[in-house]
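**Student:** Got a predicted model here, sequence first, then my questions.
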Amino acid sequence: MDLRPADYAAQLAALLPVGNAWQAGPETLLGRLLLALGTELARVHARANTLRLEADPRSTIELLTEWEAIAGLPDPCVNVTQTVDQRRAALVARLVGTGGASRAYFISVAAAYGYTVTVEEPATHTWRLRSAEVVGVTRFRAGLSTAGDPLASFGNEAFECLFNRLKPAHTALLFAYGT
């Protein structure tokens, strides 16, 4: 609960000694001084309440950048500008995420980013993440491409970066796009 400057001034006036010299009415010099002190105390109280909200990553605004630095964000795999709500959601996910190595875990992570995937295991310690979405097709173009460039390349760099970071270290991850 935020207190108003007048509330603080009244509290300060109640602490004054008794006597005619200590009359703190609103028109007196002492009353105006107590109101000025009460204004500052109310401001400090409001900032303390804001700090309480900033201490929680689910509601932070002013300290979002500091929270992100602690959590290793922004994620180098995310190459788009995010809203404050998206940044805060990524922060909370990073802080409370427990990770995993199951098919269900990787399917759920992909779904959170808007992809529908299947997980295949063609060999021991090798697995394939198959996405029905075909994205990022780049074709060789005369005059623009140079010798040594592939005739065609495809993929989603942000998607692949994310899963290469999340995959178990002892596994090889392959990506497949399309059906």
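**Tutor:** Cool, the structure landed.
**Student:** Buried ones in stretch 74-84, by neighbour count?
**Tutor:** Within stretch 74-84, the residues scored as buried using 16 or more other CB atoms under 10 Å are 74, 75, 77, 78. Using the backbone N, CA and C atoms, a C-beta is placed for each residue, glycine as well.
**Student:** and the first one, what element?
**Tutor:** To tie it back to what came earlier, the one meant is residue 74. Of the helices and strands defined by DSSP states H and E, none includes residue 74.
**Student:** The spatially closest residue to it that is not a sequence neighbour: neighbouring residues, count only.
**Tutor:** Excluding its sequence neighbours, the residue lying closest to residue 74 (CB to CB, 6 or more residues apart in numbering) is residue 68, at 6.2 Å. The number of residues packed near residue 68 is 19, by other CB atoms under 10 Å.
**Student:** Just to be sure, residue 68 is in a strand?
**Tutor:** No: using DSSP: H, G, I helix; E, B strand; the rest coil, the assignment for residue 68 is helix, not a strand.
**Student:** shouldn't it be in contact with residue 87?
**Tutor:** Yes: counting by CB atoms under 8 Å, residue 68 does reach residue 87; the two are 6.8 Å apart.
**Student:** overlap in contacts of these two?
**Tutor:** Counting by CB atoms under 8 Å, 6 or more residues apart in numbering, the common neighbours of residue 68 and residue 87 are residue 74.
**Student:** before we move on, the earlier item: wait, what's in contact with the residue nearest to residue 74?
**Tutor:** Residue 68 neighbours (CB under 8 Å, 6+ apart): 74, 87, 91.
**Student:** Sweet, I'm off.
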